[in-house]
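*Asks:* One predicted model, sequence on top.
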Amino acid sequence: MEFCKAFNAQTQSFEAGTPLPVVITVFADKSFSFAVKTPPATHFLKQAAKINKGSNAAGRVSAGFVTMEQCREIAEKKLQDLNANDLDAGARIIAGSARSIGLEVRN
């Protein structure tokens with residue numbers, strides 16, 4: 001019950017239905033800690049492209065498109081969770097994620 005209250009308090013700023021990765025650590029004395037990460041990049045990409053799911057044949061069939069500017073905005077939101085040193089590298093990572101779900105990245 002304590003976890004549910006703490007989790008709900010920490011995630012109330014997110015829209016209902018948003019997938020949130022959580023890292024939970026449980027200690028021997030049954031206490032715990034958890035860290036809520038940002039939603040997955042694919043969630044933001046599908047919102048930006050206004051689609052419900054990616055392509056079944058990524059690379060061959062396009063499910064939609066996003067602009068590089070949208071990738072940059074998503075990288076700003078996810079920069080703390082990305083393995084990138086700057087915003088441009090983060091935008092390239094997000095663009096790669098977009099291509100992997102069948103989205104075309106336009107300049």
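*Replies:* Now that the structure is in, tell me what you want to look at. Numbers count the residues shown, from 1 in each chain.
*Asks:* element containing F7?
*Replies:* helix 2-11 (DSSP states H and E).
*Asks:* what's near enough to touch the residue most central in space within the chain?
*Replies:* Most central in the chain under CA atoms, centre = their mean is P40, positioned 1.9 Å from the mean C-alpha point. Contacts for P40 (CB atoms under 8 Å, 6 or more residues apart in numbering) come out as P19, P21. For glycine as for every other residue, the C-beta is placed from the backbone atoms N, C-alpha and C.
*Asks:* Export the helix or strand following the helix holding F7 to PDB, keeping only CA atoms.
*Replies:* Once the chain leaves helix 2-11, the next helix or strand it forms, by DSSP H and E, is strand 22-26. Extracted as PDB, the C-alpha positions of strand 22-26 are listed here (Å, rounded to 0.1, in the frame of the first residue of the first chain):
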ATOM      1  CA  VAL A  22      10.200   2.200 -13.200                       C
ATOM      2  CA  VAL A  23      13.300   0.800 -11.500                       C
ATOM      3  CA  ILE A  24      12.300  -0.700  -8.100                       C
ATOM      4  CA  THR A  25      14.900  -1.700  -5.500                       C
ATOM      5  CA  VAL A  26      13.800  -3.800  -2.600                       C
END
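*Asks:* so how far is strand 22-26 from its chain's centroid?
*Replies:* 18 Å (CA atoms, centre = their mean, to the nearest Å).
*Asks:* Compute the first-to-last residue distance for stretch 51-66.
*Replies:* Length of stretch 51-66, first residue to last, CA to CA, to the nearest Å: 11 Å.
*Asks:* Could you do stretch 13-25 as well?
*Replies:* Stretch 13-25 has an end-to-end distance of 23 Å (CA to CA).
*Asks:* as a whole number, average confidence for that stretch?
*Replies:* Averaged across stretch 13-25, pLDDT comes to 93.
*Asks:* Also stretch 87-103?
*Replies:* 96.
*Asks:* residues of it that come out buried?
*Replies:* If you call a residue buried by 16 or more other CB atoms under 10 Å, then stretch 87-103 has these buried ones: G90, A91, R92, I93, I94, A95, S97, A98, R99, I101, G102, L103.
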